[in-house]
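Engineer: have a look; sequence and predicted model below, questions after that.
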Amino acid sequence: MKKFIYNLLLFVLAFFVFDKMFFILIYIAPSREVDTRLEQVINGKINKECIVMGSSRGAKNIIAHQIERSNGLTTYNLSYTGSDIEFHEFLLRTLLKFNQKPKIVLLTVDDPSELLPSESLKYRFDVLYPLVKYNYINDELIAHEEKNYLSKVLCLSRINKSNFDLREKRFSPLDTMMKCGSSPIPFQRKNRAFKYVNNTQHYSIKNELENKVKAFLDFQNLCYRNNIKLYIVFPPNYQQFNFLFKKRIMQLTNYKTGYFIYDFSNFIYKDKSYFYDEGHLQTKGAVIFTDELAKFLNSEKTKWQ
């Protein structure tokens with residue numbers, strides 16, 4: 001019996017040592033990432049007056065440093081391509097936990113996918129995996145059942161296959177990021193047949209996902225409780241503006257929330273040469289859209305100063 005206990009303890013010790021060998025992969029994983037914005041948030045380094053959030057339509061269509069130059073508001077873009085409202089709520093919650101609160105948050109919404117099932121808009125767990133050395137991130141993954149409680153003590157449970165990728169990553173031409181966090185696209189998508197859509201008046205509330213609606217409401221409540229002026233931003237698609245989608249978003253917003261809708265009477269939003277594809281402007285279009293947004297914010301100064 002003593003021999004069995006001795007061998008068991010020896011095995012546990014050997015396994016513990018073996019498990020801790022993987023800590024080095026967990027520790028160095030963040031340094032291999034090219035997009036370090038979330039780690040900067042966790043380390044309290046994003047202390048800006050104006051924060052842009054959303055999916056790729058926030059990342060590509062809004063140039064943060066242009067707003068800063070126009071209005072004097074220190075501005076940073078925390079939009080992530082392919083991210084959904086649940087991820088945006090997590091980002092805002094994390095920003096407020098570790099950084100000074102902003103005066104303004106600009107949240108871009110995706111017509112019509114913001115609250116609907118979508119293959120292109122998801123919770124970006126892949127952004128969290130390289131940062132599992134931070135207990136805060138590991139706890140978030142546990143909350144979403146992406147990790148279990150063993151990950152609190154075992155490296156093998158905390159590690160992800162992405163941590164084994166030690167290659168130094170680089171931005172692609174489509175995702176090259178400015179210092180302000182924005183990543184406008186300076187070219188048009190190849191072999192894309194553009195056709196402006198004039199009839200887009202449809203939206204089905206019954207298809208909305210309850211968890212996304214809740215996240216949208218929680219996002220607003222975070223702003224409200226922290227006295228942050230929130231603006232819902234409707235960026236252009238290469239199609240007619242969808243008033244039914246706007247109506248639904250407005251039904252879900254509180255009286256403190258503001259709105260900005262692009263000037264759909266402006267001819268450039270019907271000119272495909274200003275677009276990368278049907279849902280994203282290229283740089284020259286983003287400059288014009290951001291200028292509209294900056295002028296709007298300037299007109300709203302009394303509400304956020």
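Structural biologist: That came in fine, so what should we check first? Residues are numbered from 1 along each chain as shown.

Engineer: how far does whichever strand or helix holds residue 57 sit from its chain's centre?
Structural biologist: Applying DSSP states H and E as the criterion places residue 57 in helix 56-61. Centroid separation for helix 56-61 versus its chain: 10 Å, with Cα atoms, centre = their mean, to the nearest Å.

Engineer: cool, and stretch 50-69?
Structural biologist: Relative to its chain's centre, stretch 50-69 lies at 11 Å (Cα atoms, centre = their mean).

Engineer: for that stretch, which positions count as buried?
Structural biologist: Judged by neighbour count using 16 or more other Cβ atoms under 10 Å, the buried positions of stretch 50-69 are 50-68. In short, each C-beta sits where N, CA and C put it, glycine included.

Engineer: and stretch 43-51, by the same measure?
Structural biologist: Those would be 46, 48, 49, 50, 51, for stretch 43-51 by 16+ other Cβ under 10 Å.

Engineer: neighbouring contacts of that stretch?
Structural biologist: For stretch 43-51, contacts defined as Cβ atoms under 8 Å, 6 or more residues apart in numbering pick out 37, 40, 64, 67-68, 71, 73-78, 92, 95, 98-100, 102-106, 297.

Engineer: which ones among these are found in strands?
Structural biologist: 75, 76, 77, 104, 105, 106 (DSSP state E).

Engineer: closest one of those residues to residue 120?
Structural biologist: Taking Cβ to Cβ as the measure, residue 120 sits nearest to residue 77 out of the ones in strands among the contacts of stretch 43-51, at 19.1 Å.

Engineer: count of neighbours near that closest one?
Structural biologist: Residue 77 has 28 neighbours, counted by other Cβ atoms under 10 Å.

Engineer: wait, isn't it in contact with residue 61?
Structural biologist: No - using Cβ atoms under 8 Å, residue 77 is not in contact with residue 61; the gap is 10.1 Å.

Engineer: shaky segments in the stretch 101-250 of the chain?
Structural biologist: Scanning the stretch 101-250 of the chain for pLDDT under 70 picks out 155, 166, 200.

Engineer: on that earlier part again, save the buried residues of stretch 43-51 as JSON lines, and put in distance to residue 197 and pLDDT too.
Structural biologist: Output for the buried residues of stretch 43-51, formatted as JSON lines (distance: Cβ to Cβ, whole Å; pLDDT from 0 to 100):
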{"residue": "46", "distance to residue 197": "37", "pLDDT": "97"}
{"residue": "48", "distance to residue 197": "36", "pLDDT": "97"}
{"residue": "49", "distance to residue 197": "37", "pLDDT": "97"}
{"residue": "50", "distance to residue 197": "32", "pLDDT": "97"}
{"residue": "51", "distance to residue 197": "31", "pLDDT": "98"}
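
Engineer: now render these as a markdown table, adding distance to residue 266.
Structural biologist: Shown next, in a markdown table, are the buried residues of stretch 43-51 (distance: Cβ to Cβ, whole Å):
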| residue | distance to residue 266 |
| --- | --- |
| 46 | 32 |
| 48 | 28 |
| 49 | 27 |
| 50 | 23 |
| 51 | 26 |
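
Engineer: just these: which are in helices?
Structural biologist: Within the buried residues of stretch 43-51, no residue falls in helices by DSSP state H.

Engineer: tell me which of those residues fall in strands.
Structural biologist: 50, 51.

Engineer: which of the buried residues of stretch 43-51 sits closest to residue 214?
Structural biologist: residue 51 (21.3 Å).

Engineer: for the closest one, name its beta-bridge partners.
Structural biologist: Following DSSP bridges, residue 51 is listed with bridge partners residue 76, residue 105.

Engineer: identify the residue spatially nearest to residue 90, adjacent ones excluded.
Structural biologist: Sequence neighbours aside, residue 140 is the residue nearest to residue 90 in space, at 6.6 Å (criterion: Cβ to Cβ, 6 or more residues apart in numbering).

Engineer: right, I mislabeled it, should have said residue 284
Structural biologist: Distance criterion Cβ to Cβ, 6+ apart; nearest residue to residue 284, sequence neighbours excluded, is residue 274 at 6.0 Å.

Engineer: give me the number of residues near that neighbour?
Structural biologist: Neighbours of residue 274 using other Cβ under 10 Å come to 22.

Engineer: can you pull the contacts of it?
Structural biologist: Residue 274 neighbours (Cβ under 8 Å, 6+ apart): 268, 281, 282, 284, 285, 288.

Engineer: which residues sit against stretch 125-141?
Structural biologist: Contacts of stretch 125-141 (Cβ under 8 Å, 6+ apart): 26-27, 29-30, 32-33, 35, 38-39, 42, 80, 87, 90, 94, 97, 144, 146-147, 151-152, 158-160, 162-163.

Engineer: quick one: which of those residues sit in helices?
Structural biologist: Of those, the ones assigned to helices by DSSP H are 26, 27, 38, 39, 42, 87, 90, 94, 97, 158.
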